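Q: Need a 3D model of the sequence below.
(chains A and B)
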Amino acid sequence: MTPDLMEAGSQRLQAYAEKKASNAGSTESGGRSAGYGRIARLGEPDFTHGVALYLDAITVSFDGFRALNALSLTVNVGELRCIIGPNGAGKTTMMDCITGKTRPDTGTAHFGSTIDLLRLSEADIAQVGIGRKFQKPTVYEELSVFENLELALAADRRVRASLFSRLSGEQLDRIAQVLTTIHLLDQAQRTAGLLSHGQKQWLEIGMLLMQEPKLLLLDEPVAGMTDEETERTAELFLSLEGKHSLVVVEHDMKFVDQLTEGRKKVTVLHEGSVLAEGLLAEVQNNEKVVEVYLGR
Amino acid sequence: MTSAAMKLEQKRGLLLGPKGWTAVAIALGVICVLLPLLNKAGYFSDYAVQLTGKILCYAICALAMDLIWGYTGILSLGHGLFFALGGYGMGMYLMRQIGRDGNYQSDLPDFMVFLNWKQLPWTWALSDSFAAQMALVVLVPGLLALVFGWFAFRSRIKGVYFSIITQAMTFAAMLLFFRNETGFGGNNGFTDFKRILGMPLATPGMRITLFVITGCTLVGFYLLARWIVNSKFGRVLQAVRDAETRVMFTGYNPLAYKLAIWVLSAVMCAIAGALYVPQVGIINPSEMSPAASIEIAIWAAVGGRATLIGPIIGAFFVNGAKSWFTVAFPEFWLYFLGGLFIAVTLFLPQGIVGLFKRVSEKRA
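A: Residues are numbered from 1 along each chain as shown, chains lettered A, B, ... in the order given. Below you'll find the predicted structure:
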């Protein structure tokens, strides 16, 4: 190699380093110059492509009935997506597929760009950062509100770790913080089974928050809540937007309207696949959607 | 925020309150000092020592049942099998301790001579060593529980289906042990024990020693169980009982938790069985009968589930009633037991302990 070639090479390298330094943090993939040689860490979703959840052509049939029919859906990082649809549209089945409760017949489901959800168990899926709230509030009825949250706290989930686990001051603060958020601080020592329906819903949402999931799946979160509670829930979800990705399945159009703030996408499911996608106002005027909702 | 957090912490921490520790100390004092002294002075008969010692073994079983049923919500109707296996483990050692003092004056246990066997089967290979045989008391039932539990829990068998399978398991084992070819004495089981560790069994001193060991084991297991249910592990178990799917979707693998408590519970029963045999002097396959296992569940239910102390009280109450009834009205005992179980289910879902709680709450 001749000296002038080496000289040219070092100049180019320096120019590149300067360019890189001036560009730092402004690229689409969060300040990384390129995706080459990126290390995918086990159990940690890779969100550098901006997609949190990626479902492709998922089909589920139960005894010949197609609950999901080639459903494809993507949810971006930090997005709050509402999903509506008539009864039997496959909303809950979709959540079952994402959380590992039901295995689809065909199709793929990815969390970030690296984690294949179809290869993980329910517990593993929860551990990589997907939290789920059920339609019917499911809390540990015999335990106190505090203990419910403690169990959901992001921590080592293995048997030996829980045998010797003790709460640190930080973790106590975190629990107190969530208790404040869900307005149950004064009920912390109460048995969860004694809470009202709406409070149980809140407790379950609080348990999700304790898990610090990256993606929250919420199945009819405001069912059985009073108007005031519903409003507070909407505020809470809006405050989570951006930090977490949220998928909300809901029938209550007023609530959906509040959540979308007139600018976010809504997905309409029907007979196991996406019927329409767009702003709530657009979707509500869509002929196909009206037909599905009002009957033919 | 921190003050709010501090307020939350208050309820936590100690294994038992000052009252609880006092009660434990009193229980140990009664078992280790008072009753042996009373026995020596003749106020606590040898018969009573043997009967109470037997019930202490049952109480350990009831405690083990409480961990798996009361706290984890898994009703096992096969715990009698683990109890019996522990008993057989101890029984084999005791049979070998008889030496040449049996009816046939042979090196082999009498029943083997009777069957015209010339040497010990391979299952008896370790039976001359006390330490090895005690290891088997823990390992064999533990391993069986591990394998059985792993398959059952992995297949997500729950509720009444699990109960029925455990029932089938103990019944199958009973049929197996009834056969002479199995090599464990057939339907007669083991009896006529003479010595343990070279010391004669049928002496008052040995009886009271075994009694004290059993009592201390019960107290030890109680403290262990208390520690477990007070830990986060214990709260996960209760969470499994209340809403297993939520536990899964929170990121816990219920299989590991259920398996851990299931094996521990089985081993506790096995140790109870090993303590039972030298005190009662016999072990046979009837301990594996489904009815024996169901009785364990009844003790727990009568005393009060998910209280730890309740099942111990239940074991004493039911077995105390049994020994009185079978003397006073022998033919009515089973009717009474059935009626008791129905009454508790209908009127005392929290058992005897729940009744006391309700009364004290009313007073307060």
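
Q: so how far is B:Leu67 from the spatially closest residue to B:Ile213 that is not a sequence neighbour?
A: Leaving aside its sequence neighbours, B:Ile213 sits nearest to B:Leu275 (Cβ to Cβ, 6 or more residues apart in numbering or on different chains; 6.7 Å). All C-beta atoms are positioned from the backbone trio N, CA, C, and that covers glycine. B:Leu275 sits 18 Å away from B:Leu67, taking Cβ to Cβ, to the nearest Å as the criterion.

Q: now do B:Arg235
A: 13 Å.

Q: Kindly report the same for A:Val248.
A: As judged by Cβ to Cβ, A:Val248 and B:Leu67 stand 40 Å apart.

Q: that older thread, buried set for the helix or strand the residue nearest to B:Ile213 falls within?
A: Element membership for B:Leu275, per DSSP states H and E: helix B:254-280. By 16 or more other Cβ atoms under 10 Å in any protein chain shown, the buried positions in helix B:254-280 come out as B:254-280.

Q: Let me see the contact set for A:Tyr16.
A: For A:Tyr16, no contacting residues are found, by Cβ atoms under 8 Å, 6 or more residues apart in numbering or on different chains.

Q: That one: what secondary structure?
A: helix (DSSP: H, G, I helix; E, B strand; the rest coil).

Q: Next, count neighbours for the one residue in the stretch 151-296 of chain A that gets nearest to chain B.
A: Distance from chain B to each residue of the stretch 151-296 of chain A (Cβ to the nearest Cβ) is smallest for A:Leu172, at 3.8 Å. The local packing of A:Leu172 (other Cβ atoms under 10 Å in any protein chain shown) involves 22 other residues.

Q: And A:Leu5, by the same measure?
A: A:Leu5: 9 neighbours (other Cβ under 10 Å).

Q: for B:Trp324, same thing?
A: Neighbour count of B:Trp324, defined by other Cβ under 10 Å: 11.

Q: just the one 4 residues further on next, same as before
A: B:Ala328 has 9 neighbours, counted by other Cβ under 10 Å.

Q: what's the spacing between it and B:Gly339?
A: Counting by Cβ to Cβ, the gap from B:Ala328 to B:Gly339 is 16 Å.

Q: pLDDT value on A:Ala24, please?
A: If you check A:Ala24, the pLDDT there is 56.

Q: Below-threshold pLDDT in chain A: ranges please.
A: A:1, A:23-43, A:294-296 (pLDDT under 70).

Q: For the residue in the stretch 201-350 of chain B positioned nearest to chain A, give me its contacts.
A: Proximity of the stretch 201-350 of chain B to chain A (Cβ to the nearest Cβ) peaks at B:Gly251, 3.6 Å away. Applying Cβ under 8 Å, 6+ apart, we find B:Gly251 in contact with A:123-124, A:126-127, A:157, A:211.

Q: related to what we said a few turns ago, quick check: the residue nearest to B:Ile213 vs A:Cys82, distance?
A: For B:Leu275, the distance to A:Cys82 (Cβ to Cβ) stands at 63 Å.

Q: Please apply the same query to A:Thr114.
A: With Cβ to Cβ as the criterion, A:Thr114 and A:Cys82 are 27 Å apart.

Q: Comparing those two, which shows the higher neighbour count?
A: A:Cys82 (25 against 18).

Q: secondary structure class for B:Tyr104?
A: Bear in mind the rule, three-state DSSP; under it B:Tyr104 is coil.

Q: where does it land on pLDDT?
A: 91.

Q: List the residues that contact it.
A: B:Tyr104 touches B:110, B:113-114, counting by Cβ under 8 Å, 6+ apart.

Q: Same question for A:Arg103.
A: With Cβ under 8 Å, 6+ apart, A:Arg103 has these contacts: A:97, A:118.

Q: ok, now with 10 Å
A: The contact partners of A:Arg103, by Cβ atoms under 10 Å, 6 or more residues apart in numbering or on different chains, come to A:60, A:96-97, A:109, A:118.

Q: And the buried ones among those, selectable in PyMOL?
A: Buried residues among those (16+ other Cβ under 10 Å), as a PyMOL selection:
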select buried, chain A and resi 60+96+97+109
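
Q: of the contacts of A:Arg103, closest to B:Gly29?
A: A:Asp96 (57.0 Å; Cβ to Cβ).

Q: The helix or strand hosting the closest one: what's the following helix or strand?
A: According to DSSP H and E, A:Asp96 maps onto helix A:91-99. Where DSSP H and E defines the elements, the next helix or strand beyond helix A:91-99 is strand A:106-111.

Q: Is that next one positioned near chain B?
A: No: Strand A:106-111 stays clear of chain B (Cβ under 10 Å from any Cβ of the partner chain), getting no nearer than 13.9 Å.

Q: check contacts around B:Phe332.
A: B:325-326, B:339.

Q: Ramachandran angles for it?
A: phi -100, psi 0 (degrees, to the nearest 10).

Q: What count of nearby residues applies to the closest residue to A:Ser72 other than its chain neighbours?
A: Of all residues not flanking A:Ser72 in the chain, A:Asp56 sits nearest, at 5.2 Å (Cβ to Cβ, 6+ apart). Close neighbours of A:Asp56, defined as other Cβ under 10 Å, add up to 14.

Q: Looks like A:Asp56 contacts A:Asp116 (just checking).
A: No: with contact defined as Cβ atoms under 10 Å, A:Asp56 does not count as touching A:Asp116 (11.3 Å).
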